[in-house]
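**Student:** Predicted model, plus sequence, below.
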Amino acid sequence: MRVLVTGGAGFIGANFVRQTLQERLEAHVTILDALTYAGSRASVAGLERLTFVEGDVADARLVNRLVEKTDLVVHFAAESHNDNALMDPSPFVQTNVIGTFTLLEAVRKHGVRLHHISTDEVYGDLGLDDPAKFTPGTPYNPSSPYSATKASSDLLVRAWVRSFGVQATISNCSNNYGPYQHVEKFIPRQITNLIDGARPRVYGAGLNVRDWIHVEDHNSAVWTIIERGQIGETYLIGADGEMTNLEVVRLLLAEFGQDPDGFEHVNDRAGHDLRYAIDSSRLRDELGWSPRYPDFADGLRATIDWYRANEAWWRPVKEATETKYAAWGH
Ligand code: NAD
Ligand code: DAU
């Protein structure tokens, strides 16, 4: 099976490529990745049955050429970080909207199966005491430039399925953690701060809730949807991992043997979504998926070990990331 993975040098895409090559010996993977600041060749170095193409998902000629020679496209490529989108939304519109449009036109032309990776942020946020969680029927209500562009891309996929019969599925997943995540993101930023003897940085009061899932669980769910999902359907991926940011930071401080109050409160994010929570019952009941890392604390410990053991991977970008955050008061 020939699988084209866009954004395969990023966090979730690289883990997807690794997992796919390890678990599916029949697969040959081609990565299409622009190697932006978020992409790293080192994340997929040394793998067999892999072709790496450096290029832009919005480059129609290149995308056409690659899609023509593939059986399945899994579309991870995106600008993914909310804080960056608040500083400059333009690459988000370009990659997330125009890039997805470009890919849709190519899979339409060549009749190739597509799985589109999206986020729970398209649904906006929930109140802290809201009994409801996000379901596939929750109306779209994105609050940030990032989530608005992801919502736009999902709507394009839905329209291409309905209007042109494109063979696509969509998944909307909650916050991922695990190896190879850029140190700009919450968990790796705090782990690498603690390794460096610096205090974790918590936005605002730290009461915002995220629904954490290990990246391997996200990717096993993606394969479940590719193999057993219904064309045109949306599946929500989550592992019942709701935690406040303060709870996560205190778990990390405990793992590093430090005082539970050994963190800094910093400027809050503009428009900061309060809470995300996923109801993944369609995925579990209809497709029979379940997570391999149901215990967040175990997954977090394994992730800390990975960052401790792989300093060479993250060290080159740590200082520049912290300089950027310092300029923003984060
Ligand atoms: P990431 O920022 O770590 O990686 C994105 C990758 O896309 C990078 O390798 C980058 O070089 C590449 N890329 C960016 N622009 C490109 C372009 N124009 N052409 C080709 N490649 C390009 O992102 P991630 O956290 O791995 O997220 C991957 C996908 O999963 C995104 O679509 C994101 O919206 C979605 N998602 C992420 C999470 C999360 O918690 N990180 C949760 C749910 C959904
Ligand atoms: O919900 C899925 C989304 O999760 C994905 O679509 C996004 O691509 C991914 O980046 C993530 O978005 P968040 O904005 O939730 O993730 P981030 O890691 O930036 O922040 C997680 C929470 O931690 C959020 O409430 C902001 C807060 N935070 C973040 C950083 C970087 C801090 O308190 N301190 C920090 O230093």
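**Tutor:** Done, it's in. Residues are numbered from 1 along each chain as shown. Ligands and ions are numbered 1, 2, ... in the order given.
**Student:** can stretch 57-66 be found next to ligand 1?
**Tutor:** Yes. Using Cβ under 6 Å from any ligand atom, stretch 57-66 reaches ligand 1 at 57-58. Bear in mind the C-beta positions are built from the backbone N, C-alpha and C, glycine included.
**Student:** What are the buried residues along that stretch?
**Tutor:** Using 16 or more other Cβ atoms under 10 Å as the test for burial, stretch 57-66 gives 57-58, 62-64, 66.
**Student:** Closest one of these to Ser90?
**Tutor:** Nearest to Ser90, judged by Cβ to Cβ, of the buried residues of stretch 57-66 is Ala58 at 12.5 Å.
**Student:** Would you confirm that the closest one contacts Thr95?
**Tutor:** Yes. Counting by Cβ atoms under 8 Å, Ala58 touches Thr95, with 6.6 Å between them.
**Student:** Point out the residues in the stretch 151-300 of the chain that sit beside ligand 2.
**Tutor:** Residues of the stretch 151-300 of the chain lying close to ligand 2 (Cβ under 6 Å from any ligand atom) are 174-175, 185-186, 189, 201-203, 208, 210, 245, 269, 276.
**Student:** what do you get if the cut-off is 8 Å, keeping everything else the same?
**Tutor:** By Cβ under 8 Å from any ligand atom, the part of the stretch 151-300 of the chain that sits against ligand 2 consists of 173-176, 184-187, 189-190, 200-204, 206, 208, 210-211, 245, 248-249, 266, 269, 272-273, 276.
**Student:** out of those residues, which are buried?
**Tutor:** The neighbour-count criterion (16+ other Cβ under 10 Å) marks 173-176, 184-187, 189-190, 200-203, 206, 208, 210-211, 245, 248-249, 266, 269, 273, 276 among those as buried.
**Student:** If we check ligand 1, which of the residues you listed are in contact?
**Tutor:** Taking Cβ under 8 Å from any ligand atom as the test, ligand 1 is in contact with 173-176, 185 out of these.
**Student:** Mind checking which of those residues are in strands?
**Tutor:** If you go by DSSP state E, these have 173, 176 in strands.
**Student:** what about the closest residue to ligand 1 within the chain, how many neighbours?
**Tutor:** Going by Cβ to the nearest ligand atom, ligand 1 is nearest to Gly10 of the chain, at 2.0 Å. Gly10 is flanked by 27 other residues according to other Cβ atoms under 10 Å.
**Student:** In the stretch 1-150 of the chain, which residue sits nearest ligand 2?
**Tutor:** Minimum separation of the stretch 1-150 of the chain from ligand 2 (Cβ to the nearest ligand atom) falls at Thr119, amounting to 3.1 Å.
**Student:** nearest spatial neighbour of that residue, skipping sequence neighbours?
**Tutor:** Leaving aside its sequence neighbours, Thr119 sits nearest to Lys150 (Cβ to Cβ, 6 or more residues apart in numbering; 5.2 Å).
**Student:** What does the pLDDT read for that neighbour?
**Tutor:** Confidence at Lys150, expressed as pLDDT, is 98.
**Student:** for this protein, what spans make up the helices?
**Tutor:** For the chain, helices defined by DSSP state H occupy the ranges 11-23, 60-68, 82-87, 90-92, 100-110, 145-164, 186-195, 215-228, 245-255, 281, 287, 296-309, 311-327.
**Student:** pLDDT (mean, whole number) over the third one?
**Tutor:** Okay, so that is helix 82-87. Regarding helix 82-87, the rounded mean pLDDT is 98.
**Student:** cool, and the first one?
**Tutor:** For helix 11-23, mean pLDDT rounds to 98.
**Student:** which parts of the stretch 51-200 of the chain sit against ligand 1?
**Tutor:** Within reach of ligand 1 by Cβ under 8 Å from any ligand atom, the stretch 51-200 of the chain has these residues: 55-59, 75-81, 91, 94-96, 99, 117-121, 146, 150, 172-177, 181-182, 185.
**Student:** Could you pick out the buried ones from these?
**Tutor:** Among those, those classed as buried by 16+ other Cβ under 10 Å are 55-58, 75-81, 91, 95-96, 99, 117-121, 146, 150, 172-177, 181-182, 185.
**Student:** quick one, phi/psi of the residue of the chain closest to ligand 1?
**Tutor:** Per-residue torsions, Gly10: phi -90, psi -180 (degrees, to the nearest 10).
**Student:** In this structure it contacts Ala77, no?
**Tutor:** Yes. Between Gly10 and Ala77 there is a contact under Cβ under 8 Å: 7.4 Å.
**Student:** Now do the shared contacts for the two.
**Tutor:** Jointly contacting Gly10 and Ala77 under the rule Cβ atoms under 8 Å, 6 or more residues apart in numbering are Asp33.
**Student:** still on that earlier bit, OK, contacts around the residue of the chain closest to ligand 1?
**Tutor:** When contacts are counted by Cβ under 8 Å, 6+ apart, Gly10 touches 33, 38-39, 43, 76-77, 80, 182.
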